[in-house]
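*Asks:* Build me a model from this:
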Amino acid sequence: MKNKIQLITYVDRLGCKNIDELNSLVENEFKGLFGGIHILPFFNPIDGADAGFDPIDHTQVDPRIGDWESVKKLTRNVDVMSDLIVNHISAKSKQFQDYLLNGKQSEFAELILTKDKVFKTGIDPADILKIYRPRPGSPFTDFELRDGTKVSVWTTFTANQIDIDVLSKMGEAYLENILDTFHKAGITMIRLDAAGYAIKKPGTSCFMIDETYEFIANLTQKAKSKGIEVLVEIHSFYKTQIEIAKRVDFVYDFALPVLVLDCLFNKRSTNLKKWLAVAPKNVITVLDTHDGIGIVDVAGEADISGLIADEDLDQIVEQIHVNSKATSRKATGAAASNLDLYQVNCTYFDALAQDEKQYLMARAIQFFVPGIPQVYYVGLLAGANDMELLSQTNVGRDINRHYFTKSEIDQILKTDMFLKMQKLMQFRNTHNAFDGEFEIIETTNDVLNLKWTNNNSWAELYIKLNSAEMKINFSDASDKVLQLF
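*Replies:* Here you go, the predicted model:
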């Protein structure tokens with residue numbers, strides 16, 4: 001992966017009807033802004049129960065937006081990352097539908113993960129309480145087979161997302177077939193989606209247990225043998241992220257979004273600096289994604305303190321709601337279906353009260369901390385909470401999944417806010433200091449001072465948090481000191 005900013009987007013929500021139009025957008029209007037693009041699920045269908053994360057066929061491009069030839073054209077122009085949805089398939093998939101018809105006689109019976117496959121002698125209520133699930137309720141859904149038999153199937157996320165037995169021969173073949181399909185299309189990086197939930201074991205949380213680490217490491221090796229790099233998506237306690245980072249190419253820095261808000265809300269750099277001192281360096285940095293703003297990533301676990309004290313974390317969450325004029329509250333927790341227990345659903349721009357100066361500071365911090373920055377399409381355009389879409393779907397995360405029109409994008413590209421963002425992104429992509437050594441300059445807690453040095457080249461970010469003053473100084477080829485902002 002190039003050390004340049006990456007775009008993360010759906011094909012059909014950025015003013016594009018299909019993959020070819022997205023290719024054109026990246027090559028023209030967004031030229032020079034991105035070193036790669038993560039296309040969120042483009043499989044059939046893109047508009048299922050979870051916006052493509054419940055594929056009926058993981059090896060088929062949704063024909064409404066293109067085909068594998070369209071993907072190949074894109075991969076010839078830019079590095080492309082795709083999701084490998086590890087944990088589940090759609091309840092509408094041919095595999096599960098055949099299982100509903102034929103039960104244990106189905107050719108796909110081995111693939112479907114039922115409760116009794118894990119709990120062979122029955123399940124104790126205490127075991128159910130141990131199971132970690134990102135949403136409230138049971139991790140199982142009861143289905144009736146054609147012959148009237150009732151079976152309890154693992155459905156970690158929703159009843160439309162059927163967990164698969166990834167350790168079975170059929171499960172291994174299923175995942176390897178997807179890898180082969182990606183490889184043939186020229187995809188050079190995958191994100192392992194929901195991998196933390198893939199291994200189930202009685203008496204455990206069934207989330208990031210020892211066997212999960214082993215599974216992720218093995219799947220990573222299979223991908224790497226095909227020339228595909230691996231990013232693992234895990235929302236979890238920060239020490240878990242550090243451990244996962246030792247086993248894969250990249251992990252997300254999901255702690256960063258809340259730590260940046262802590263800096264800007266509370267006018268202090270202490271917590272962010274502490275994290276940067278121990279954080280893994282093989283990270284993809286984000287402020288926003290297609291999901292919410294992660295809280296569990298900075299929270300404590302059991303008797304171990306998190307990156308931010310609980311009372312301060314509560315205050316940050318409340319400030320997001322205040323800044324968004326309570327719109328985020330309507331999309332978070334029990335206020336919306338398909339909810340996540342560990343996230344606040346809100347655009348990052350609204351989390352900062354649509355303050356353009358603060359937003360630009362947040363992006364500058366993201367671009368200066370170690371890691372490869374990834375910018376979500378809504379964040380690129382400083383999008384606001386989409387209350388209309390939320391009201392239509394009652395899916396909390398849709399508040400940050402706006403369908404931009406071409407005319408909306410054309411107008412945004414002319415704004416002073418976007419032009420400054422563009423300038424900052426082009427600087428991050430082209431200045432060779434960012435291929436050098438990172439340093440946190442020692443300062444008082446109300447200042448954040450980050451610097452990159454590569455031989456004679458350097459770039460420095462200085463933010464006075466109390467007064468919201470930002471300077472970006474850097475060297476040029478003639479050894480002059482210049483200022484970006």
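*Asks:* What ranges in this structure fall below the confidence cut-off?
*Replies:* Applying pLDDT under 70 to the chain picks out residues 334-341, 479.
*Asks:* Break the protein down into its structural domains.
*Replies:* Domain assignment of the chain by automatic domain parsing yields the ranges 6-85+169-435, 94-162, 437-483.
*Asks:* Most tightly packed of the ones you listed?
*Replies:* domain 6-85+169-435 (a mean of 19; mean count of other CB atoms under 10 Å). Heads up, the C-betas are built off the backbone N, CA and C, glycines and all.
*Asks:* so how far is stretch 250-259 off the chain centroid?
*Replies:* Its chain's C-alpha centre and that of stretch 250-259 lie 9 Å apart, by CA atoms, centre = their mean, to the nearest Å.
*Asks:* From one end of that stretch to the other, what's the distance?
*Replies:* 20 Å (CA to CA, to the nearest Å).
*Asks:* what does that stretch contact?
*Replies:* 1, 229-235, 238, 241, 244-245, 271-272, 275, 279-280, 282-288, 293-295, 297-298, 307-308, 313, 316, 348, 366, 369, 371-372 (CB atoms under 8 Å, 6 or more residues apart in numbering).
*Asks:* try it again with 6 Å
*Replies:* 231-232, 235, 238, 241, 244-245, 271-272, 275, 282-285, 287, 293-294, 297-298, 307, 371 (CB atoms under 6 Å, 6 or more residues apart in numbering).
*Asks:* go on, stretch 28-39?
*Replies:* 2, 4-8, 78-81, 425-426.
*Asks:* Out of those, which sit inside strands?
*Replies:* When the contacts of stretch 28-39 are checked against strands (DSSP state E), the matches are 6-8, 79-81.
*Asks:* In the residues you listed, find the pair that's most separated.
*Replies:* I8 and D79 (12.7 Å; CB to CB).
*Asks:* How about the contacts made by the most centrally placed residue in the chain?
*Replies:* Taking CA atoms, centre = their mean, the centroid of the chain lies closest to T289, which sits 5.1 Å from it. By CB under 6 Å, 6+ apart, T289 lies in contact with Y376.
*Asks:* Kindly state the beta-bridge partners for V151.
*Replies:* F143 (DSSP bridges).
*Asks:* distance of it from A185?
*Replies:* 35 Å (CB to CB, to the nearest Å).
*Asks:* Select the longest helix from the protein.
*Replies:* Assignment by DSSP state H gives helix 169-185 as the longest helix of the chain.
*Asks:* so what does the very next helix or strand once past it touch, helix or strand wise?
*Replies:* Next in sequence after helix 169-185, counting helices and strands by DSSP states H and E, comes strand 189-193. Counting contacts by 3 or more CB pairs under 6 Å, 6 or more residues apart in numbering; DSSP states H and E, strand 189-193 packs against strand 79-85, strand 229-232.
*Asks:* possible to save the ones you listed as JSON lines with distance to Y213?
*Replies:* Output for the helices and strands packed on strand 189-193, formatted as JSON lines (distance: least, CB to CB, whole Å):
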{"stretch": "strand 79-85", "distance to Y213": "17"}
{"stretch": "strand 229-232", "distance to Y213": "10"}
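*Asks:* among these, which is nearest Q392?
*Replies:* Of all these, strand 79-85 comes closest under CB to CB, at 24.2 Å.
*Asks:* Isn't H183 up against K224?
*Replies:* No: between H183 and K224 there is no contact under CB atoms under 6 Å: 11.2 Å.
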